[in-house]
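> Structure, please.
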Amino acid sequence: MPWWSWILLWLALIAVSLLCYVLLGIRLFRKFMATVHELSAAGERLGHHPHLREHADDDGDASPKVFGAAVFASPEQMRHDYVTAKASRREVRRQKRVKRKAERGQPQSLHDIEFS
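Model prediction:
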């Protein structure tokens, strides 16, 4: 094999590898820009907080609708809210599980069956 064919082979290998690097760079740049656009859209959505009105007839009780009310609420009230919300979420998950198993024709768990 003549010496110039080796040079052409190496030049072809270098050209193909450079082409792969360029295509990889373009792909990474496009994915990066898509991520930046998604982050900016998420920032726009999360950046706008609704302005809450202050009521003149406020009786001092913490309302769950007021942003930051947990800071001024009693620990017992917050614990009660936490426990009731947790029970509600568990019930929703249980109902979804029962519905999903009924749709698939699978046997129900005894924990999930309501006898009432």
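> contacts, neighbours, all on C-alpha from now
Fine.
> what helix or strand does the most centrally placed residue in the chain sit in?
The chain has Ala42 as the residue nearest its centroid, 10.8 Å off, counting by Cα atoms, centre = their mean. According to DSSP states H and E, Ala42 maps onto helix 3-47.
> can you check Ala73 too?
Going by DSSP H and E, Ala73 is not in any helix or strand.
> What separation do you get for Ser40 and Met33?
Using Cα to Cα, to the nearest Å, Ser40 is found at 10 Å from Met33.
> er, Ala70 actually
39 Å.
> same thing with Asp81?
Taken as Cα to Cα, the span from Asp81 to Met33 is 42 Å.
> Can you pull out the low-pLDDT segments for this structure?
Within the chain, the ranges that satisfy pLDDT under 70 run 49-66, 115-116.
> immediately after the helix holding Ala42, which helix or strand?
Per DSSP H and E, the helix or strand that comes after helix 3-47 is helix 75-104.
> Tell me the buried residues in that next one?
For helix 75-104, a neighbour-count test (16 or more other Cα atoms under 10 Å) marks Met78, Val98 as buried.
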